[in-house]
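# generate a structure from the sequence data that follows.
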Amino acid sequence: MTTRKTELIDQLAAHWQAIKTRPIKDLFTADATRFSAFSRHHNGMLLDFSKSALDDKAFSLLLDLARAVDLEAKRDAMFRGDRINTTEQRAVLHTALRLRDQRPFHLDGHDIMADIIAERAKMFALAEGVRSGKISGSSGFAFTDVVNLGIGGSDLGPAMATAALAPWHTGPRLHFVSNVDGAHLADTLIGLNPETTLFIIASKTFTTIETMTNAQSARRFIAERLGDQAIADHFMAVTTALDKAAEFPVRADRITGFWDWVGGRYSIWSSIGLPLAIAIGAEHFEKFLDGAGALDEHFQSAPLDQNLPVLLGLIGIWHRMICDYPTRALIPYDQRLARFPAYVQQLDMESNGKRVALDGSALDKPSGPIVWGEPGTNSQHAFFQLLHQGTDIIPVEFLIAAKPERAALEEHHDLLIANCLAQSEALLIGRSEEEAKAQLVARGLSADAAQALAPHRVFTGNRPSVTIAYEKLDPTQLGALIALYEHRVFVEASIFGINAFDQWGVELGKELATSLLPFVKGDKKDPSLNGSTAGLISFLTNR
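Numbering: from 1, shown residues only. Predicted structure coming up:
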């Protein structure tokens, strides 16, 4: 950690200790212009961070911290194609997948833009072929159902985006199977006609054990009903392992892929987005890319104090590193964004859940927070009790559209907006014991009864929130939202001083699962197994 970075973090920590008991609502009393000072607009999107404890001094120090870690230079290195994923010696160029001007982009002397354009065209051709019925099953019938078999980024991205853009669906029904638990595949296949069902195997290496186990079961689903000769006509693959896909078998003209400079959790923009392209078509998929691309341009060009991903990242740093809040809740007030918290959870926690710095030394400050959430208003009737009255302070990020997708349901949307704003207001202002008591007395309770009940109805308030508002959720806006959170992760990682683009933490459990499988099957016995693990295997396998 550089001396300047350390100094700024120490100054921020000292400032937080000095102001932490000051009610956030008092900042609005002191400054009638606080909302305009602590909110930013870009291209129809509003970031309101005025309901955080940030004041002018904290904001200024955070901007200095971004400069101290050379954030702009790090950002430029990513967009330039430098190998910023240092542990894997890879470039990080998911942003190149959103480029639409088709100018050459050279990586190690090779024009990857030509590859991107060709692969995108192949993906669109496959998608449009399925949508039109030109690509059909072994019986010649058009596909009515498409089942994506993937896990992690090969599932969360397309599943989330396909659900979010449901109003734009004009293709077959989409289904997503990720869990190796056989119930997930079995429940999905109930009612599907094998003659009109297409499976997409999304696995870069064609070796991901969960995905390939599901793929083999899907293969049997087709073979047992239509015969082995039908298999190739009912599968597509998104992979770089052409030989393994051919052996499955998948026809060569139904395979598309992506590259090692695209991380799984950043891959929705690549051919991993094939299910989304099948659902919404090439024209709307391009709008999805354009929304992200426009946010990329904003991230690259806007000054730090006007830059939405930078500001969202700095707010995250303030809450995690300075205020020491270990978690953040992401609450979209949009049912179609129901999977967005899970998507961002992987994006953020797989990227920034690290314990060592870029040089391999142990971090002496916190890194990424726990990210979780559910849609409002359902979440209000689930865990908001803890958000309002629990002993931990959990910053909340609200997402809300100004307009509903269907004007006929405007009454619903008005109520949705009112609930969203009410929750952020309640987190801010709270309710004192005196106010609670007065309210109870006004309702007819005796003074003694009101006094006894009032402590249970106290809301401490002073709980920070951020609101991201936009005009309407459509393909362009969804692309921008995802890119906003992608770049937010990058900003925070740059200040944490970690590599956001590897994920070694998922490896050990996978390795152990492979080594334990023979014991679970009863093919091996090992007296050196951990006593708990051995006991659990015995119980679960009745051996």
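
# can you show me the helices along the stretch 1-150 of the chain?
Secondary structure of the stretch 1-150 of the chain, counting by DSSP state H, counting those that start in this stretch: helices at 3-19, 24-30, 34-37, 56-68, 71-80, 112-132.

# for the stretch 201-350 of the chain, same thing?
For the stretch 201-350 of the chain, the helices defined by DSSP H, counting those that start in this stretch cover 209-226, 242-247, 274-301, 308-317, 340-352.

# coming back round to it: go through the helices of the stretch 1-150 of the chain and name the closest to Leu415.
helix 34-37 (23.3 Å; CB to CB). Using the backbone N, CA and C atoms, a C-beta is placed for each residue, glycine as well.

# average pLDDT across that closest one?
Mean pLDDT, taken over the full extent of helix 34-37, equals 98.

# what do you get for stretch 160-178?
The average pLDDT for stretch 160-178 rounds to 97.

# and the helices of the stretch 201-350 of the chain as JSON lines, adding mean neighbour count, distance to Arg443 and mean pLDDT?
Formatted as JSON lines, the helices of the stretch 201-350 of the chain follow (neighbours: other CB atoms under 10 Å; distance: least, CB to CB, whole Å; pLDDT from 0 to 100):
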{"stretch": "helix 209-226", "mean neighbour count": "18", "distance to Arg443": "55", "mean pLDDT": "97"}
{"stretch": "helix 242-247", "mean neighbour count": "14", "distance to Arg443": "68", "mean pLDDT": "94"}
{"stretch": "helix 274-301", "mean neighbour count": "22", "distance to Arg443": "49", "mean pLDDT": "98"}
{"stretch": "helix 308-317", "mean neighbour count": "25", "distance to Arg443": "39", "mean pLDDT": "98"}
{"stretch": "helix 340-352", "mean neighbour count": "22", "distance to Arg443": "37", "mean pLDDT": "98"}
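
# in JSON lines, list those along with distance to Pro172.
Converted to JSON lines, the helices of the stretch 201-350 of the chain look like this (distance: least, CB to CB, whole Å):
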{"stretch": "helix 209-226", "distance to Pro172": "16"}
{"stretch": "helix 242-247", "distance to Pro172": "22"}
{"stretch": "helix 274-301", "distance to Pro172": "7"}
{"stretch": "helix 308-317", "distance to Pro172": "35"}
{"stretch": "helix 340-352", "distance to Pro172": "22"}
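
# which among these is found nearest to Ile9?
Proximity to Ile9 (CB to CB) singles out helix 308-317 among the helices of the stretch 201-350 of the chain, at 9.1 Å.

# got the angle for the closest one vs helix 71-80?
Taking axes from the mean of the first three to the mean of the last three CA atoms, to 10 degrees, one finds that helix 308-317 is oriented at 120 degrees with respect to helix 71-80.

# which strands and helices lie in contact with helix 308-317?
Contact here means 3 or more CB pairs under 8 Å, 6 or more residues apart in numbering; DSSP states H and E; on that basis helix 308-317 packs against strand 39-42, strand 45-48, helix 56-68, helix 274-301, strand 465-470, helix 475-496.

# quick one: Ala246 and Ala252 touch, right?
Yes - Ala246 is in contact with Ala252 according to CB atoms under 8 Å; the separation is 6.5 Å.

# which of the helices of the stretch 1-150 of the chain sits closest to Ile417?
Among the helices of the stretch 1-150 of the chain, helix 34-37 comes nearest to Ile417, with 16.6 Å by CB to CB.

# give the buried residues for the closest one.
The neighbour-count check on helix 34-37 (16 or more other CB atoms under 10 Å) flags Arg34 as buried.

# for the remainder of this discussion, apply numbering that starts at 42.
I'll keep to 42 as the first residue from here, and by that count the last item is helix 75-78.

# if we can go back for a sec, nearest to Leu519, out of the helices of the stretch 242-391 of the chain?
Each of the helices of the stretch 242-391 of the chain was checked against Leu519 via CB to CB, and the shortest separation belongs to helix 315-342, namely 6.2 Å.

# any chance of the helices and strands packed on helix 349-358 in CSV with distance to Ala483 as columns?
What follows is those, written out as CSV (distance: least, CB to CB, whole Å):
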stretch, distance to Ala483
strand 80-83, 35
strand 86-89, 33
helix 97-109, 39
helix 315-342, 49
strand 506-511, 29
helix 516-537, 43
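
# so for Met119, which of these sits nearest?
Proximity to Met119, assessed across the helices and strands packed on helix 349-358 by CB to CB, is greatest for helix 516-537 (6.8 Å).

# show me what secondary structure element comes after the closest one.
Beyond helix 516-537 on the C-terminal side, the first helix or strand identified by DSSP states H and E is helix 548-562.
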